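> what's the 3D shape of this:
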Amino acid sequence: MGDGVLYCQHCGHEIHIVPDFEPELEQNIQQVIKGIREDIEEDLPDKEGKEPEKKRRRFLIPALIAALVLSASLGMGVWAWLHNSLSYQVNRAGQCAAQEKYDKAIRYYKRALELDSGNTDLLFCLAEMYYRKNNKVEYEYLLREIVKQKDATVEQLDGAYSRLIAIYRDRGDYETINQLLLSSGNKQLISLYQAYIAEPPEFSVVEGYYTNIQALKLSASGNGRIYYTLDGTDPDETSGQYTMPIILEDGDHVVKAVFINEKGIVSDIVTKEYHIENDRIPAPEVSVVSGDYTRPLDIEVLGLEEGEEVYYTTDGSTPTYASSVYTRPIHMPLGESHYKFARVVEGVTGDVTERVYNLELQAGYTPAQAVDIAEAYALESGRVFDEAGHFGDTGAMYIYEFLYAATLSDDSDYYVIAEVQREADNVTQVRTGNFYAVNVYGGTLYQLQPDGAGRLRNLVVTGAQEEAAEGAANTG
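Have a look, this model is predicted:
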């Protein structure tokens, strides 16, 4: 019989291994026989007794035989008890292992496991014997059996998993390590060997039916990349790499994603399906994007249907019914400005369009200087009779206010100035309908009149300019 053979090569029956007979057991049997013989001799009559020597011997021989049978039975019973003793099997296995008799040690450990099948320590010992024999197949098998033990301690599980990971790491089999760790369900272990794990990506939006646009975010633990597809095919390294939220608009969407870590370990593919019916109120489209500007632009809301209203704010707050209603293009203010535009339907504010601007003109004149030019013209032309702007005996006066900067009909930039009549009470005031435009680069003053669409865009030469032009002509 060869080492490690458990079945007869001729008949196929299981081989029953008989352990080595112990010297101590043999000594005990001899002592029992000797004691029985002495007891019998004490009971027999001496030479001077009533029975002759020959008769005594006839009696002694059968007694000795009976004692021998009894002792043998007792010895076999003791031997059988030792053979079925767990401690005996473990001790003998340890002795054989120390003598590098690994096949014998394996037989003893297997017998011990028959007596105590749930003993994880014995599985470790048996695995160690196969490891010393360089039997990697049985070694790996037993380690996998250990990680299945429900009663295994944390230390035992850690030991088994660490040995298995070492086996697969030496082979470069990272996929098996990934599957082994994920199937363990041990968070501490997964955290410890995070570099060998590729967990499936997580989706920020649960699959299903939605009535508004969804921004889907994908995430994964560890270092690596997420790849995804939207056409129903399985993603791989040639698919689109996830770098920003996926916007799911109206319609049906099938999103598939996979995580591939830096060791090339590929996670399971995650598939989510979405149906989007967007019944939200869409954000208005605004013509000018946020940014820094050096020329004034008109801010327009595009694509409005007849009767449709858009509300806006200039302080960064969310528009409501109480906010300003957009009716015509808005002149971009000087400096920083913050607009929000939204539709409001039945008291519900829709999606908001936000714009932030910073307008800095490269001008030769300031708005305050433009107002001074308009006031000087009113005094010179006789429209007012003093610098305060009085024009009659009532105490009322004309004052001039800067409104905005605009690019007008000659494609140059102007400050727009409004003429306002202020009553003697210094409270009541109203615009007169006269507007002026002062070129921001040269300071030239024009009267400003509306075009065919009612917008203040037509520049008209003032009387003072005409007189100056006539004087220049006469001089020439």
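> Please report how far Asp425 lies from Phe259.
Shown here: Asp425 relative to Phe259, a distance of 75 Å by C-beta to C-beta, to the nearest Å. (Glycine included, C-beta is placed from N, CA and C.)
> Which one's more surrounded, those two?
Phe259 (27 against 9; other C-beta atoms under 10 Å).
> what about that one, is that helix, strand or coil?
The local conformation at Phe259, judged by DSSP: H, G, I helix; E, B strand; the rest coil, is strand.
> Please report how far it lies from Lys110.
Going from Phe259 to Lys110 by C-beta to C-beta gives 43 Å.
> same deal with Gly118?
15 Å.
> what about those two, which has more around it?
Lys110 (16 against 11).
> Now name the helix or strand holding the nearest residue to that one once chain neighbours are set aside.
Closest residue in space to Lys110, ignoring its immediate chain neighbours: Leu126 at 6.9 Å, by C-beta to C-beta, 6 or more residues apart in numbering. Using DSSP states H and E, Leu126 sits in helix 120-132.
> for the record, mean pLDDT for that helix?
On average, the pLDDT along helix 120-132 is 89.
> how about it: buried residues?
120, 122-131 (16 or more other C-beta atoms under 10 Å).
> For Val356, state which of these is nearest.
Among these, Thr120 lies closest to Val356 (C-beta to C-beta), at 66.2 Å.
> dump the residue contacts of Ser412.
439-441 (C-beta atoms under 8 Å, 6 or more residues apart in numbering).
> How about Glu262?
195, 222-224.
> per-domain residue ranges of this structure.
For the chain, automatic domain parsing gives the domain ranges 25-83, 202-276, 285-359, 367-475.
> can you put these in JSON lines and add mean pLDDT?
Supplementary listing: those in JSON lines, determined by pLDDT from 0 to 100:
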{"stretch": "domain 25-83", "mean pLDDT": "56"}
{"stretch": "domain 202-276", "mean pLDDT": "92"}
{"stretch": "domain 285-359", "mean pLDDT": "94"}
{"stretch": "domain 367-475", "mean pLDDT": "88"}
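> all helices of the stretch 101-250 of the chain, in order?
102-115, 120-132, 136-147, 154-171, 174-184, 187-192 (DSSP state H, counting those that start in this stretch).
> Pick out the shakiest of those helices, pLDDT-wise.
Across the helices of the stretch 101-250 of the chain, helix 187-192 gives the lowest mean pLDDT, at a mean of 73.
> What is that one packed up against?
Here helix 187-192 touches helix 154-171, helix 174-184, going by 3 or more C-beta pairs under 8 Å, 6 or more residues apart in numbering; DSSP states H and E.
> which residues touch it?
157-158, 161, 181-182, 184, 197.
> show me what contacts Tyr400?
By C-beta under 8 Å, 6+ apart, Tyr400 lies in contact with 371, 374-375, 378, 389, 417-420, 436.
> What of Tyr109?
Tyr109 makes contact with 89-90, 93, 122, 125-126, 129, according to C-beta under 8 Å, 6+ apart.
> switch the cut-off to 6 Å
Neighbouring residues of Tyr109 by C-beta atoms under 6 Å, 6 or more residues apart in numbering: 93, 122, 125-126.
> Same question for Glu336.
So Glu336 contacts Asn358 (C-beta under 6 Å, 6+ apart).
> Distance from the helix or strand hosting it to the middle of the chain?
If you go by DSSP H and E, Glu336 is part of strand 335-345. Taking C-alpha atoms, centre = their mean, to the nearest Å, one finds the center of strand 335-345 at 34 Å from the center of the full chain.
> ok, then the element right after it?
strand 348-349.
> before we move on, the earlier item: the buried residues of helix 120-132 into TSV, with extra columns for distance to Thr271?
As requested, those are arranged in TSV below (distance: C-beta to C-beta, whole Å):
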residue	distance to Thr271
Thr120	39
Leu122	45
Leu123	40
Phe124	41
Cys125	46
Leu126	43
Ala127	40
Glu128	44
Met129	47
Tyr130	42
Tyr131	42
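> Nearest to Asp231 among those?
Ala127 (48.5 Å).
> Quick check: the gap between that closest one and Pro329.
From Ala127 over to Pro329 the distance is 82 Å, taken as C-beta to C-beta.
> again, but for Tyr321
22 Å.
> between the two, who's got more neighbours?
Per other C-beta under 10 Å, whichever of Tyr321 and Pro329 has more neighbours is Pro329, with 15 against 10.
> dump the residue contacts of that one.
Neighbours of Pro329 in contact, by C-beta under 6 Å, 6+ apart: 298, 300.
> JSON lines for the contacts of Tyr109, including distance to Glu277?
As requested, those are exported to JSON lines (distance: C-beta to C-beta, whole Å):
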{"residue": "Ala93", "distance to Glu277": "71"}
{"residue": "Leu122", "distance to Glu277": "63"}
{"residue": "Cys125", "distance to Glu277": "65"}
{"residue": "Leu126", "distance to Glu277": "63"}
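> Perfect, that will be all.
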